[in-house]
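[1] sequence plus predicted model, see below.
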Amino acid sequence: AKLASGEMTAEQKDMLMSAADKKVQEDEKKLKEEKEKIVREKKIMMSRKKLEQNLDRLIPKVKEANQVAQEMGKPITFEVKLQQRSDTIRSILATDQADRLAVMDPVVIVKNKESGASWTWTKDKFDQRRFLILEMF
């Protein structure tokens, strides 16, 4: 059975359909990847913003504590560092930038210049100690 010109065989139709299906699948995959990328970037921005807000509140307090220590003649310095939390599964499994940023906390490193000793304080502990220091001042 010969086909009239312009007609396709069932096999040709199947090939065209499978090519179209493949193209649709590729487009869907690309769209899904783009959505995942946007979600990751949004997570990074949100984590970064939260971290920046914490730092914006903490840094002026640390500067103030350094000024007070200096005026009181204490050999103590305070500095802000970022430290990755290590107490949660989430922090252990943090692999991408958004996850790593989400498990970073600002901490205050307290150094005694005379003895060389140093301590790491959470921002909450620093706030409590800062309050006591300011009361003494």
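    Perfect, thanks for sending it. Residues are numbered from 1 along each chain as shown.

[2] hey, let's count contacts and neighbours off CA atoms from now on
    OK.

[3] grab the most central residue of this protein for me.
    By Cα atoms, centre = their mean, the chain has its centre lying nearest to residue 101, at 1.8 Å.

[4] next, that residue: phi, psi?
    Main-chain dihedrals, residue 101, degrees, to the nearest 10: phi -70, psi -40.

[5] ok, the closest residue to it other than its chain neighbours - how many residues close by?
    Counting by Cα to Cα, 6 or more residues apart in numbering, residue 101 lies nearest to residue 47, which is 5.7 Å off, once chain neighbours are set aside. A count of nearby residues for residue 47, using other Cα atoms under 10 Å, gives 20.

[6] next, residue 47: secondary structure please.
    Here residue 47 is recorded as helix under DSSP: H, G, I helix; E, B strand; the rest coil.

[7] who touches stretch 115-124?
    For stretch 115-124, the surrounding residues in contact (Cα atoms under 8 Å, 6 or more residues apart in numbering) are 58, 106, 107, 108, 109, 110, 111, 112.

[8] now residue 125: which helix or strand?
    Assigned by DSSP states H and E, residue 125 belongs to helix 123-136.

[9] now that helix: buried residues?
    Residues 123, 126, 127, 130 are the ones in helix 123-136 that count as buried (16 or more other Cα atoms under 10 Å).
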